[in-house]
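have a look; sequence and predicted model below, questions after that.
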Amino acid sequence: MGRCAPARVHGRPLPHRGARDPDLQGVDMIDQNSLKSLAAVHSADGVLVSAFISTSRLDDWRQTAPTFLNSESGRVFGELSLEKEPRRRLQEDLDHIGEVLRYEVGPRTEGLAVFADAESGSFERFELPFRLQNRLVVESTPYVRPLIHALSLLEPFVFVRVSRDESTVYSIDEWRLVGVEGHSGPYLKSTDRETGDVPVKEYYAAARQEALVDLHFKDVAAAVDRTLDETGAGRIVLSGQHDIVAHFRKTLSARAADVVAAEIPLDAAASIPQLLVAARAALEAARRSAMEGIAHRISEGLGSNGRGVAGFDDTLAALRRGQVQSLLVDRAYRPPGWRCAGCGNVVLVPAETCPVCGGAMAPVGDAVGEAVRTAVIQGAFVDVAEQVPELEAMGGIGGLLRYA
Ligand SMILES: [Zn+2]
């Protein structure tokens, strides 16, 4: 009786995070590294286009998207008084985006995000599985905040269905199920159908059966670790009979046990897609309570010698000092502001010159978006919360500091 081996592997092999899926040719998946380098792009002529366009059938996008792009182009050319060359480059960027819309949007895409800067020759596009609100922003830096929202909603995760003799590890990326790995324990695998022997169940003493279950759990736990490595997923959802799941949890490696975000009850009648929807919902609920927890820690840490910072000005000052470990923003908080061309400082109150360095200030549509972009460049965690009262009470933005 050997050790149990993976019983079957369906579907495609697990892609590495950021790898190109043959169905998604030419499409960049969002990952932290590409986001970080995108966030750091700075356009010298102040003309960098960030475009977010719904490509959902529900929005009749073939009609509405080109109309939106046209009218927004008119608005932008009217608002910005540009020299001849930046003007020509802006037109080039807009034409390029128009071409992508006409010819290159995949059938499953619901939202398109494009960042174009003809001056530096950079052109990044992201196709997303959900609708985006149409928006065109032309500033000196990319407006990455909507992508941060997308990332927080679409994080990849690992879902494990556990039983004593047959368990399955599913990996779900930003889009959908990408891998399934089943594991059968020896407990039921060698039945009389295969071997002609008496069923294992009768043959082994109860204690021996428990040892085999432990062995099975160890195999599944090893598969979970491997899947976390291969997919870059940071969270796990477990499903099964509660006492069995509790037993299985003890077998998980410390780092896997650390990222178990939720457990959903066993539902034998549910289809795989239904289970995954339930798992995603459980993950979302866990995320919400995590956001509430972070807001609470920030709130508790306010004041001198504390690790919390709240409100726009104080949070921005902490970001400027590179002190923020974790930034928390309210999804609905998007105040306009002013950004310094010299040092990147952002303020909410109109100012001719920068209070920090005396540089010239230019308007930005979403000052919190600039805070998010700065945090991304610094490698800080960025979390987006919705309707968390404690965050709202702190002015819609706050952070946990690396040190007090
Ligand atoms: Zn400045």
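Great, that's in hand. Numbering: from 1, shown residues only.

now could you export just the CA positions of stretch 129-146 as PDB?
Included here for stretch 129-146 are C-alpha records, laid out as PDB according to Å, rounded to 0.1, in the frame of the first residue of the first chain:
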ATOM      1  CA  PRO A 129     -13.600  40.800 -16.200                       C
ATOM      2  CA  PHE A 130     -16.000  43.400 -14.900                       C
ATOM      3  CA  ARG A 131     -17.500  46.700 -16.000                       C
ATOM      4  CA  LEU A 132     -15.600  50.000 -15.400                       C
ATOM      5  CA  GLN A 133     -17.000  53.400 -15.200                       C
ATOM      6  CA  ASN A 134     -16.000  55.400 -18.400                       C
ATOM      7  CA  ARG A 135     -13.400  57.900 -17.400                       C
ATOM      8  CA  LEU A 136     -10.600  59.700 -19.200                       C
ATOM      9  CA  VAL A 137      -7.800  61.400 -17.100                       C
ATOM     10  CA  VAL A 138      -5.000  63.400 -18.700                       C
ATOM     11  CA  GLU A 139      -2.400  64.300 -16.100                       C
ATOM     12  CA  SER A 140       1.400  64.000 -15.600                       C
ATOM     13  CA  THR A 141       1.000  60.700 -13.700                       C
ATOM     14  CA  PRO A 142      -1.100  57.500 -14.400                       C
ATOM     15  CA  TYR A 143      -4.400  57.200 -12.500                       C
ATOM     16  CA  VAL A 144      -3.800  53.700 -11.100                       C
ATOM     17  CA  ARG A 145      -6.500  53.800  -8.300                       C
ATOM     18  CA  PRO A 146      -9.200  51.900 -10.300                       C
END
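
what about Val237, which helix or strand?
Taking DSSP states H and E as the criterion, Val237 maps to strand 236-240.

what residues of the next helix or strand after that strand count as buried?
The helix or strand immediately downstream of strand 236-240 is helix 242-249, counting by DSSP H and E. Neighbour counts using 16 or more other Cβ atoms under 10 Å place 244-245, 247-249 of helix 242-249 among the buried residues. Heads up, the C-betas are built off the backbone N, CA and C, glycines and all.

what does this structure put close to the ion?
If contact is defined as Cβ under 5 Å from the ion, the residues of the chain in contact with the ion are 340, 342-343, 345, 354, 356-357, 359.

so the residue nearest to Ala40 when sequence neighbours are not counted is in which element?
Using Cβ to Cβ, 6 or more residues apart in numbering and skipping the chain neighbours, the partner closest in space to Ala40 is Ile377 (5.1 Å). Assessed by DSSP H and E, Ile377 sits inside helix 367-378.

pull the residues that contact that helix.
By Cβ atoms under 8 Å, 6 or more residues apart in numbering, the list of residues contacting helix 367-378 from outside reads 35-36, 39-40, 141-145, 148, 312, 315-316, 319, 322, 324, 327, 329, 333-339, 344, 346-348, 364, 381-382, 396-397.

change it to 7 Å
Where contact means Cβ atoms under 7 Å, 6 or more residues apart in numbering, the residues beyond helix 367-378 that reach it are 35-36, 39-40, 141, 143-145, 148, 315-316, 319, 322, 324, 327, 329, 333-337, 339, 346, 348, 364, 382, 397.

and that helix, how far from the chain's centre?
Computed by Cα atoms, centre = their mean, to the nearest Å, the chain-centroid distance of helix 367-378 equals 16 Å.

same check on stretch 98-109?
From the chain centre to the centre of stretch 98-109 is a distance of 23 Å (Cα atoms, centre = their mean).

ends of it, how far apart?
16 Å (Cα to Cα, to the nearest Å).

avg pLDDT for it?
The average of the pLDDT scores along stretch 98-109 is 84.

circling back to that earlier point, just the CA atoms of the helix holding Ile377, as PDB, please.
Output of helix 367-378 as PDB, limited to C-alpha atoms (Å, rounded to 0.1, in the frame of the first residue of the first chain):
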ATOM      1  CA  ALA A 367      -6.000  63.700  -4.700                       C
ATOM      2  CA  VAL A 368      -6.500  60.300  -2.900                       C
ATOM      3  CA  GLY A 369      -5.600  58.600  -6.200                       C
ATOM      4  CA  GLU A 370      -2.200  60.300  -5.900                       C
ATOM      5  CA  ALA A 371      -1.800  59.000  -2.400                       C
ATOM      6  CA  VAL A 372      -2.600  55.500  -3.600                       C
ATOM      7  CA  ARG A 373      -0.100  55.800  -6.400                       C
ATOM      8  CA  THR A 374       2.600  57.000  -4.000                       C
ATOM      9  CA  ALA A 375       1.900  54.000  -1.700                       C
ATOM     10  CA  VAL A 376       2.100  51.600  -4.600                       C
ATOM     11  CA  ILE A 377       5.500  53.000  -5.600                       C
ATOM     12  CA  GLN A 378       6.800  52.600  -2.000                       C
END
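
the helix or strand following that helix pairs with which strands, parallel or anti?
The first helix or strand that comes after helix 367-378 along the chain, using DSSP H and E, is strand 381-385. The sheet places strand 381-385 alongside strand 324-330 (parallel), with pairing taken from DSSP bridges.

angle of the strand it pairs with against helix 367-378?
150 degrees (axes from the mean of the first three to the mean of the last three Cα atoms, to 10 degrees).

could you chop this structure up by domain?
Taking automatic domain parsing as the domain assignment, the ranges for the chain are 26-144, 155-266, 295-401.

how far does the last one stretch from one end to the other?
I take that to be domain 295-401. Distances were taken as Cα to Cα; on that basis the terminal residues of domain 295-401 are 13 Å apart.

what mean pLDDT does it get?
The model assigns domain 295-401 a mean pLDDT of 92.

mind listing the strands the strand holding Val237 pairs with, and their directions?
strand 157-161 (parallel), strand 260-265 (parallel).

got a list of contacts for that strand?
So strand 236-240 is in contact with 157-163, 224, 245, 256, 259-264, 266, 275, 279, 282-283, going by Cβ under 7 Å, 6+ apart.

which of the residues you listed are buried?
Restricting these to buried positions leaves 157-163, 224, 245, 256, 260-264, 275, 279, 282-283, with burial counted as 16+ other Cβ under 10 Å.

what about the strands in the stretch 101-250 of the chain?
Listed in chain order, the strands of the stretch 101-250 of the chain (DSSP state E, counting those that start in this stretch) span 111-117, 122-128, 135-139, 157-161, 166-172, 177-184, 236-240.

can you list those strands in CSV and add distance to Ser289?
Converted to CSV, these look like this (distance: least, Cβ to Cβ, whole Å):
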stretch, distance to Ser289
strand 111-117, 27
strand 122-128, 26
strand 135-139, 30
strand 157-161, 16
strand 166-172, 21
strand 177-184, 25
strand 236-240, 14
